[in-house]
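>>> Here is a sequence with its predicted model. Questions after.
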Amino acid sequence: NQNGWMSGWTENYIKVITPFNEDLINQVVELKLNEVNIPILDLYDHSGKRRNLAHFAAIASLAAVDGDVNSHEMKLLERFANKLDISEADFKEVMKTPTKYAIDPQNSSKERLERLFDLFKIIFADNEVDDDEMVLLKKYAIGLGYPSDKADKIIGKSIAIFSGRIDFDDYLYMINK
């Protein structure tokens, strides 16, 4: 993999990320768990609540990547927390350590695009995309299951849409859809 990392799933649906090793591709290997970044009970909770909390944590991480979360970003985060049914206690915990939860890949293309769309709304809350946000966006898109080249295309098109830099044909297509 171009990022130097590879990932896979255990039979219990736990995502495992390891440095890239060509010899491990398509192999079943025994793993020793050295570090857990989430409470152990969450490893076995595959409900919509956990997925929403993981998505919210990714959004919060993106909002915080450029330093402090500004008031506009905080309002959006509060709205997303409400939309995703995040409790006040979980909201506070995530805001202390937004990288606590791993990205939870979605099965459908529509769900993955919806997750990216939510992230773009956070990014454009301050009307700019900086280099750190671009790096995090790319990692998030790849974490959602997009290959690197597809992630670049989706991110590029999304930036054009959110920044208002679309051509007339694209505008016409979106209006008539």
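Nice, I can see it.
>>> residues contacting the residue nearest the centre of the chain?
The residue lying closest to the centre of the chain (C-alpha atoms, centre = their mean) is Y140, at 4.0 Å. By C-beta atoms under 8 Å, 6 or more residues apart in numbering, Y140 lies in contact with A58, L62, I103, R115, L116, L119. Any C-beta I mention is one placed from the backbone N, CA and C, and that applies to glycine too.
>>> Can you report how many residues neighbour the first one?
Burial of A58 is recorded as 26 neighbouring residues (other C-beta atoms under 10 Å).
>>> what helix or strand is it on?
helix 48-64 (DSSP states H and E).
>>> ok, now the fifth one?
Taking DSSP H and E as the criterion, L116 maps to helix 109-123.
>>> buried ones in the helix holding A58?
Within helix 48-64, the residues that count as buried by 16 or more other C-beta atoms under 10 Å are 50-64.
>>> Over to P19: give its phi and psi.
P19 adopts backbone torsions of phi -60, psi 150, taken as degrees, to the nearest 10.
>>> now I86
The phi and psi values for I86, taken as degrees, to the nearest 10, are phi -90, psi 130.
>>> what's the answer for N82, then?
phi -60, psi -50.
>>> Just give the nearest non-adjacent residue to F91, would you?
Of all residues not flanking F91 in the chain, A81 sits nearest, at 4.9 Å (C-beta to C-beta, 6 or more residues apart in numbering).
>>> What's the separation between that neighbour and K121?
Note on A81: its distance to K121, by C-beta to C-beta, to the nearest Å, is 14 Å.
>>> so what's the residue nearest to I122 when sequence neighbours are not counted up against?
Distance criterion C-beta to C-beta, 6+ apart; nearest residue to I122, sequence neighbours excluded, is A63 at 5.0 Å. Going by C-beta under 8 Å, 6+ apart, A63 touches V69, E73, M74, L76, L77, P98, I122, A125.
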